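[1] here is my input; please provide its structure:
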Amino acid sequence: MDIQYLLFLQNLRESMDGALNGFFLQISDWSFGIFVWMLACVMFWSVDKKVGSFLFLNIGFSRFLMQTLKLTFCVYRPWIRSEQIMPIEKASGYSFPSGHSITATANYGTLIERYRQHRPLCVFLVLMILLTMFSRNYIGVHTPQDVVVGLLLGIVVVVCGARAWEWLEAHPTKDYLLPCIGGLLVALFLVYISVKSYPTDYVNGKLIVDPQKMMIDGYKDAGRLLGVTVGWFLERRLVNFTLAVPTARRVARACFGVLLLLLWERCAMPTMTTAFSSSWAYFFACFLELILLLFLYPLCFAREKRTAVA
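    I've put the predicted structure just below:
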């Protein structure tokens, strides 16, 4: 049934000569790539620090959960299951669950939870989640069950994150527990993915999915989770910057910070991972990226003069 649904969408694409391909590829990119971290950064540095923190933490935990399940179940992509499936563009790695769906739900769902009184905004955000889920089916890289489970897992992350945040606000001196939990989860995860077995099926003499490459993705998001929890804690205890500064200064924070993020993603990270070609290089590059965004960059404006918000 799931393959038949993807074939239906494939026939629909072909009947429209790919008119909507670019649109759904863009929707997909907005919900998983650098845009997700960019949104969290701008919210954290310049708009609403609490919401920005919530975004960082929920995205970090959702991606970590996604990698845990992908590397546990090792489900092949639709075109591997059926040669009839011809995706618009192929995605690497395992299929279940949809990383785009869980990340989109954690990202947009966090904003829905925090701004639920703004109905038009919430309607738009729900639409973005649904469009992201559909885009992964439309492109041909995920089955319906992949995206539905991704949605449900994202909802779980948002709900649990909200409850955890309420607990932290009631017990502010116990914020050290978050990086401790993050560190423990990361340590257990790295041991787990290193010792578990993976499928090694071949087609025409070529390995369908290389477990070593998929483990690199696991190391990346493990590094991000550790960076998110440690960076959040360090900023909270050692910086604790304020948004009570003029609007122009908050805009400058966002502009320079986004440039810094782009430089890290496009220059620093590739340099590090090329110079030290190992899974640990990806782990530390992603860890340092989140430390930079959450702690080191805020140090630059931690001593800004506090004024009434313009």
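[2] C-alpha from now on. contacts and neighbour counts both.
    Will do.
[3] residue 258: how many residues sit nearby?
    For residue 258, the neighbour count with other Cα atoms under 10 Å is 18.
[4] and it, how close does it get to residue 45?
    According to Cα to Cα, to the nearest Å, residue 258 and residue 45 sit 10 Å apart.
[5] strands of the chain, residue ranges please.
    Using DSSP state E, the strands of the chain run over 202-203, 206-207.
[6] any chance of a markdown table for those, columns mean pLDDT?
    Output for the strands of the chain, formatted as a markdown table (pLDDT from 0 to 100):
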| stretch | mean pLDDT |
| --- | --- |
| strand 202-203 | 83 |
| strand 206-207 | 86 |
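[7] mind listing what residue 74 touches?
    By Cα atoms under 8 Å, 6 or more residues apart in numbering, the contact list for residue 74 reads 94-96, 198-199.
[8] and it, how far is that from residue 95?
    Distance of residue 74 to residue 95, computed by Cα to Cα: 7 Å.
[9] swap in residue 256?
    Noted for residue 256: a distance of 36 Å to residue 95, by Cα to Cα.
[10] and these two? Which one has more around it.
    Shown here are residue 256 and residue 95; by other Cα under 10 Å, residue 95 has more neighbours (23 against 12).
[11] can you report phi and psi for that one?
    Taking degrees, to the nearest 10, you get phi -100, psi -40 for the backbone angles of residue 95.
[12] surely it and residue 76 touch.
    Yes: if you go by Cα atoms under 8 Å, residue 95 and residue 76 touch, sitting 5.6 Å apart.
[13] could you give the number of residues near residue 269?
    Using other Cα under 10 Å, residue 269 has 19 neighbouring residues.
[14] what does the pLDDT read for the closest residue to it other than its chain neighbours?
    Nearest residue to residue 269 in three dimensions, chain neighbours excluded: residue 285, at 5.8 Å (Cα to Cα, 6 or more residues apart in numbering). With respect to pLDDT, residue 285 has a value of 95.
[15] from residue 274, how far out is residue 285?
    11 Å.
[16] please identify which of those two sits among more neighbours.
    Between residue 285 and residue 274, residue 285 has the larger neighbour count (other Cα under 10 Å), namely 23 against 11.
[17] ends of stretch 64-83, how far apart?
    31 Å.
[18] now do the buried residues in that stretch.
    Buried residues in stretch 64-83, counting neighbours by 16 or more other Cα atoms under 10 Å, are found at 64-68, 70-72, 74-79.
[19] chain center to the helix or strand of the chain with the lowest mean pLDDT: distance?
    Least confident helix or strand, the chain: strand 202-203 with a mean of 83, by mean pLDDT, DSSP states H and E. Mean-position distance between strand 202-203 and its chain equals 31 Å (Cα atoms, centre = their mean, to the nearest Å).
[20] mind giving me the packing neighbours of it?
    The helices and strands touching strand 202-203, judged by 3 or more Cα pairs under 8 Å, 6 or more residues apart in numbering; DSSP states H and E, number zero.
[21] each with direction, which strands does that strand pair with?
    Paired neighbours of strand 202-203 in the sheet (DSSP bridges): strand 206-207 (antiparallel).
[22] roughly how far is the partner strand from the heart of the chain?
    Centroid separation between strand 206-207 and its chain, computed with Cα atoms, centre = their mean, is 29 Å.
[23] contacts for that strand, please.
    200-201.
[24] go again with 10 Å.
    199-201 (Cα atoms under 10 Å, 6 or more residues apart in numbering).
[25] looking at the residues you listed, which has the most residues close by?
    Of all those, residue 199 has the most neighbours under the rule other Cα under 10 Å, reaching 14 neighbours.
[26] check contacts around that residue.
    Contacts of residue 199 by Cα under 10 Å, 6+ apart are 73-76, 207-211.
[27] how about residue 179?
    185, 225-234.
[28] got a PyMOL select line for the buried ones in those?
    Restricted to buried positions by 16+ other Cα under 10 Å, the PyMOL selection for the contacts of residue 179 reads:
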select buried, resi 225+226+227+228+229+230+231+232+233+234
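[29] closest to residue 171 out of the contacts of residue 179?
    residue 233 (13.9 Å; Cα to Cα).
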